[in-house]
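Student: whatever this is, show me its structure:
(chains A and B, ligands or ions: 2)
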Amino acid sequence: MSEQENRAAGRVAVLVDHLDGAVRPTALELLTLARGLGLEVHAVWVGYSAPSAELAAHGADAVHEVAVDGADAQLTASVVDALQTVLPAIGDVGLLLVPSTFEGREVAARLAVRTGAGVVTGASGVAFEDGRWTAHKSVLAGAWDTACAVTGPLAVVAVAPHAVQAVAQDGAAEPSVVRHTAEASAAARAVTVVSRTRRPTSERPPLAEAEVVVVGGRGVEGDFSGVEELADVLGGAVGATRVATDEGWIGHEAQVGQTGVTISPRLYVGLGVSGAVHHKGGMAASATVVAVNSDPDAPIFEFADYGIVGDLTEVLPALTAELRRRRG
Amino acid sequence: MRVVVCVKHVPDIQQPRSLRSDGLLVRGGDDDTLNELDEDAVEAGLRTAEAAGFPAEGHDVTVLTVGPSAAVESLRRGLAMGASTAVHVHDDAVAGSDAIATARVLAAAVAKLHAEQPVDVLVAGMAALDGLTSLVPAALAELLGWPQLTLADRIEVADGVVSVRRETSTDVEELTAPTPAVLSVTDQAFRARFPNFKGIMAARKKPVTTWTLADLDLAESAVGPAGSATRVVHAVERPERPDRVLVTGDAETVPALVDYLSQKGFA
Ligand SMILES: Cc1cc2nc3c(=O)[nH]c(=O)nc-3n(C[C@H](O)[C@H](O)[C@H](O)COP(=O)(O)OP(=O)(O)OC[C@H]3O[C@@H](n4cnc5c(N)ncnc54)[C@H](O)[C@@H]3O)c2cc1C
Ligand SMILES: Cc1cc2nc3c(=O)[nH]c(=O)nc-3n(C[C@H](O)[C@H](O)[C@H](O)COP(=O)(O)OP(=O)(O)OC[C@H]3O[C@@H](n4cnc5c(N)ncnc54)[C@H](O)[C@@H]3O)c2cc1C
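Tutor: Ligands and ions are numbered 1, 2, ... in the order given. The predicted structure follows:
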């Protein structure tokens, strides 16, 4: 970019998603993406004690910690209050990256109403093109690729997982750490958190963030043990179709699809999954799709990179065993 | 109690869908239908109102849509499920609005309804299956200045307080807020009732109010492409995935798959 373009593009801010003091892997991807834009990158961390060295290694030039006074800090409105304090303090922010989770998109929506920003959700990439921030995203269950330009004063881009691979750089300078306090708005104060209970987490990587996802559908007929074994051999997460979660074979949090978790792993393996459009909409952005299904006419074979028409009770154990054997 | 439910008329996702050369979705096909996830929102709205005495006098469930003339079909569906009144915001200038501009129109309509008779809860779906942004409910809360309780799977309203249970990606939460509040519901808890013949017949007689931007005191510049801070600049149909492999297989064919996975770096 020319210097003039750089000025027009402004600074980049990244809302860093974290849980129990640890950075979420997708936040490191967002920082890596931001670093690649060649502009000043500011990480925004709601709360105190951000792991600033880790954030700097992934691209942050400065880290902004912000406490929210007067409301629960996890509420959407509180996070928006935090951003509304920090963004003007950074100054000249042209692009804000947030994760394309429900929480991230809700933050984006409220911030857009307050500031006149334009929001693009589910982006796989972002670039400054023809004098505007432009986000790329695939839509309509992966059938179309689009580019969406932001014409407002601020571009808020909600980025899908695995848009880039998180890469730490050696020898990043110590970032400046700035602390802020935000006053909670009436919107944040109006909501009371009566209780909040952490759901049990599995040893496996979180579904939305996993590089490999093995999904079981109706075809597993109630038995997820083979799906879990394959996921473990591949170091991946276990997902399910809505049929499998509705049947109670596995918890609802495993549901992949338009009304479940949207995933974009490097490898998706579907076992006894038909590939219905509701499901496809949540996984069409997967880089490589492998499917095992006994029905040669199953829709999933229309978009699988590698399909095996066969009975999974035969193919699945053989696959897990062969992967184990080659690893030795 | 007064409940307003936002319902969107969308292309059927089981049918081929496409974008126009200007990047906007082709709408208005015969197969366009009520967004399935908004059936759950209508169900949630009906149940919430019923708990307070609906359909008895003094209670009301209004379905509200912003969309082209065909969108009235989705209102009829909501009325057939049991809603008592319907509002259709229909104005050609609204075409091409992005999510925030759409929310602006919906919020103006809700504010007008609220001025006529106070609204207790506004219910939306978790996403519209065409745009799939899930931006609208949170934007509505911000625009109206009402508390936001999204992705609820349980709703109770008593003494001017709404309580919801919701699941985030990591936690289960119980939240409360004073009415009026903006809610969205997931597809998990409010399996929608099926309209019966009586409901469908009754829906034909129920009132549908149509408002234009002028009725809402909204300027044309606040909506449509002019009022949207995003614009689709490029849209292409994605080519099929190249080099696809389909084999008829059993355990014998597995080594070839493992070779493929190892080429890709997974084995
Ligand atoms: C509003 C709405 C939202 C929805 N949201 C989602 C969502 O988010 N996610 C989602 O997944 N679904 C969702 N659905 C449901 C979706 O439409 C499909 O019903 C669902 O995805 C199908 O799941 P399935 O592939 O497991 O089952 P099926 O479609 O029944 O397919 C099972 C497949 O297994 C194969 N099979 C059977 N036995 C074997 C065997 N021994 N070996 C190999 N193959 C075998 C069969 O050939 C078949 O293709 C939604 C539906 C609605 C209405
Ligand atoms: C493929 C595609 C991608 C898009 N991407 C973006 C984007 O990245 N950013 C952006 O700003 N806009 C985007 N849009 C435009 C946006 O979808 C529309 O403006 C739309 O009217 C509102 O957003 P949504 O459909 O995503 O609704 P969501 O926010 O997903 O809908 C949630 C709920 O809001 C209510 N609701 C939404 N729209 C209406 C309505 N018209 N009438 C009544 N109730 C309604 C319903 O209860 C619904 O369940 C996109 C549109 C398409 C077709």
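Student: for the longest strand seen in chain B, which helices and strands make contact with it?
Tutor: Among the elements of chain B assigned as strand by DSSP state E, the one spanning the most residues is strand B:148-158. The elements that strand B:148-158 packs onto, with contact taken as 3 or more C-beta pairs under 8 Å, 6 or more residues apart in numbering or on different chains; DSSP states H and E, are helix A:76-90, helix A:102-115, helix B:36-51, helix B:136-144, strand B:161-167, strand B:171-178, strand B:181-185. All C-beta spots, glycine's among them, are computed from the backbone N, C-alpha and C.
Student: how does it look with 6 Å?
Tutor: Contacts defined by 3 or more C-beta pairs under 6 Å, 6 or more residues apart in numbering or on different chains; DSSP states H and E place strand B:148-158 against helix B:136-144, strand B:161-167, strand B:181-185.
Student: relative to A:Glu211, which of these is closest?
Tutor: The stretch from those with the least distance to A:Glu211 (C-beta to C-beta) is strand B:161-167; that distance is 24.4 Å.
Student: A:Val120 reaches A:Val157, doesn't it?
Tutor: Yes - applying C-beta atoms under 6 Å as the test, A:Val120 and A:Val157 come out as touching, 5.2 Å apart.
Student: so which of the helices and strands packed on strand B:148-158 is the most surrounded?
Tutor: Neighbour counts (mean count of other C-beta atoms under 10 Å in any protein chain shown) averaged over each of the helices and strands packed on strand B:148-158 peak at strand B:181-185, with a mean of 29.
Student: partner strands of that one and their direction?
Tutor: Pairing partners of strand B:181-185, with direction, according to DSSP bridges: strand B:121-125 (parallel), strand B:148-158 (parallel).
Student: can you pull out the helices in the stretch 101-250 of chain A?
Tutor: Under the criterion DSSP state H, counting those that start in this stretch, helices of the stretch 101-250 of chain A are mapped to A:102-115, A:186-189, A:225-234, A:242-246.
Student: quick revisit: make TSV out of the helices and strands packed on strand B:148-158 and add mean pLDDT.
Tutor: Converted to TSV, the helices and strands packed on strand B:148-158 look like this (pLDDT from 0 to 100):
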stretch	mean pLDDT
helix B:136-144	98
strand B:161-167	97
strand B:181-185	98
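Student: as TSV, those with distance to B:Pro118 would be great.
Tutor: Supplementary listing: those in TSV, determined by distance: least, C-beta to C-beta, whole Å:
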stretch	distance to B:Pro118
helix B:136-144	12
strand B:161-167	14
strand B:181-185	12
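Student: how much space between A:Gly275 and ligand 2?
Tutor: Taking C-beta to the nearest ligand atom, to the nearest Å as the measure, A:Gly275 and ligand 2 are separated by 20 Å.
Student: what about the residue nearest to that residue when sequence neighbours are not counted, neighbour count?
Tutor: Leaving aside its sequence neighbours, A:Gly275 sits nearest to A:Ile300 (C-beta to C-beta, 6 or more residues apart in numbering or on different chains; 2.8 Å). When neighbours are counted by other C-beta atoms under 10 Å in any protein chain shown, A:Ile300 registers 24.
Student: A:Ile300 falls within a helix, correct?
Tutor: Yes - in this structure, A:Ile300 lies within a helix as judged by DSSP: H, G, I helix; E, B strand; the rest coil.
Student: show the contacting residues for it.
Tutor: A:Ile300 makes contacts with A:270, A:273, A:275, A:291, as judged by C-beta atoms under 6 Å, 6 or more residues apart in numbering or on different chains.
Student: so which of those residues are in strands?
Tutor: Among the contacts of A:Ile300, the members falling in strands (DSSP E) are A:270, A:291.
Student: just the buried residues from the contacts of A:Ile300, in ChimeraX please.
Tutor: Entered in ChimeraX, the line below selects the buried ones among those, by 16 or more other C-beta atoms under 10 Å in any protein chain shown:
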select /A:270,273,275,291
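Student: could you dump the contacts of A:Ile300 to CSV with distance to ligand 1 and pLDDT?
Tutor: Rendered in CSV, the data for these read as follows (distance: C-beta to the nearest ligand atom, whole Å; pLDDT from 0 to 100):
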residue, distance to ligand 1, pLDDT
A:Gly270, 8, 98
A:Val273, 4, 98
A:Gly275, 7, 97
A:Ala291, 9, 98
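Student: nearest to A:Ala244, of the contacts of A:Ile300?
Tutor: A:Val273 (8.8 Å).
Student: which residues of the stretch 51-200 of chain A lie near ligand 2?
Tutor: A:119-121, A:139-140, A:148 (C-beta under 6 Å from any ligand atom).
Student: tell me who's in contact with A:Ala109.
Tutor: Counting by C-beta under 6 Å, 6+ apart, A:Ala109 makes contact with B:135, B:138-139.
Student: so for the residue of the stretch 51-200 of chain A found nearest ligand 2, what's the pLDDT?
Tutor: Proximity to ligand 2, evaluated over the stretch 51-200 of chain A using C-beta to the nearest ligand atom, is greatest for A:Val139 at 3.5 Å. Per-residue pLDDT puts A:Val139 at 94.
Student: which one is it nearest to, not counting chain neighbours?
Tutor: Take A:Val139 and drop its neighbours on the chain: the residue closest to it by C-beta to C-beta, 6+ apart is A:Thr146, 5.6 Å away.
Student: identify the residue of the stretch 101-250 of chain B closest to chain A, quick one.
Tutor: Among all residues of the stretch 101-250 of chain B, B:Ala229 sits closest to chain A, at 3.0 Å; criterion: C-beta to the nearest C-beta.
Student: ok, that residue to B:Val110 distance?
Tutor: Here the distance between B:Ala229 and B:Val110 works out to 22 Å (C-beta to C-beta, to the nearest Å).
Student: is the spatially closest residue to A:Tyr48 that is not a sequence neighbour in a bridge, and if so with what?
Tutor: The shortest distance from A:Tyr48 to any residue that is not its chain neighbour, by C-beta to C-beta, 6+ apart, is 5.1 Å, and that residue is A:Glu65. Under DSSP bridges, the beta-bridge partners of A:Glu65 are A:Trp45, A:Arg179.
Student: burial count for A:Asp92?
Tutor: Other residues close to A:Asp92 by other C-beta under 10 Å number 11.
Student: that one and A:Gly10 touch, don't they?
Tutor: Yes - proximity of A:Asp92 to A:Gly10 meets the contact threshold set by C-beta under 6 Å, at 4.7 Å.
Student: understood, closing this out.
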